[in-house]
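Asker: Just the structure for this:
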Amino acid sequence: MVRPNRVFRGVIHGNAIELQQKTDLPDGQKVNVTVEPLSPNSLEAGEGLRRSAGGWDDDPSGLDDYLEWNRQQRKNGRPEIER
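Answerer: Numbering: from 1, shown residues only. You can find the predicted model right below:
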């Protein structure tokens with residue numbers, strides 16, 4: 001059963017709206033539709049995070065290598081904590 005008031009994205013084709021994900025509603029189910037146009041700058045879920053990855057978007061192992069290098073650099077020159 002679908003949760004009430006769930007937001008779905010779609011594309012208008014004439015009088016039909018093609019949704020981008022499944023609704024789990026039976027075929028023929030009557031629904032209320034509120035149409036709210038998205039701005040051209042709207043991003044899909046996760047797209048902002050993908051873009052912020054920059055050069056590592058297609059090389060996640062390179063990001064892991066960089067993060068490990070960065071951790072090691074932060075350890076260099078730090079005095080040991082006396083207990």
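Asker: a strand runs through Q73, doesn't it?
Answerer: No: Q73: not assigned to a strand; according to DSSP: H, G, I helix; E, B strand; the rest coil it is helix.
Asker: confidence score at it?
Answerer: Looking at Q73, its pLDDT reads 86.
Asker: The chain: helices as residue ranges?
Answerer: For the chain, the helices defined by DSSP state H occupy 47-52, 60-75.
Asker: Save those helices as JSON lines, and put in mean neighbour count and distance to N41 too.
Answerer: Any C-beta I mention is one placed from the backbone N, CA and C, and that applies to glycine too. Formatted as JSON lines, the helices of the chain follow (neighbours: other Cβ atoms under 10 Å; distance: least, Cβ to Cβ, whole Å):
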{"stretch": "helix 47-52", "mean neighbour count": "10", "distance to N41": "11"}
{"stretch": "helix 60-75", "mean neighbour count": "10", "distance to N41": "26"}
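Asker: export those helices to TSV and tack on distance to Q29?
Answerer: Formatted as TSV, the helices of the chain follow (distance: least, Cβ to Cβ, whole Å):
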stretch	distance to Q29
helix 47-52	30
helix 60-75	40
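Asker: and those, which one is worst for confidence?
Answerer: Taking the mean pLDDT of these, helix 47-52 comes last: a mean of 76.
Asker: how far does that helix sit from the chain's center?
Answerer: Its chain's C-alpha centre and that of helix 47-52 lie 7 Å apart, by Cα atoms, centre = their mean, to the nearest Å.
Asker: CA-only coordinates of that helix in CSV, if you can.
Answerer: Taking Å, rounded to 0.1, in the frame of the first residue of the first chain, the C-alpha atoms of helix 47-52 are listed here in CSV:
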residue,chain,number,x,y,z
GLU,A,47,22.6,14.5,-8.3
GLY,A,48,24.0,17.3,-6.1
LEU,A,49,26.2,14.8,-4.2
ARG,A,50,27.4,13.2,-7.4
ARG,A,51,28.4,16.6,-8.8
SER,A,52,30.2,17.6,-5.7
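Asker: Tell me the confidence at the most centrally placed residue in the chain?
Answerer: The chain has G46 as the residue nearest its centroid, 1.4 Å off, counting by Cα atoms, centre = their mean. G46 carries a pLDDT value of 77.
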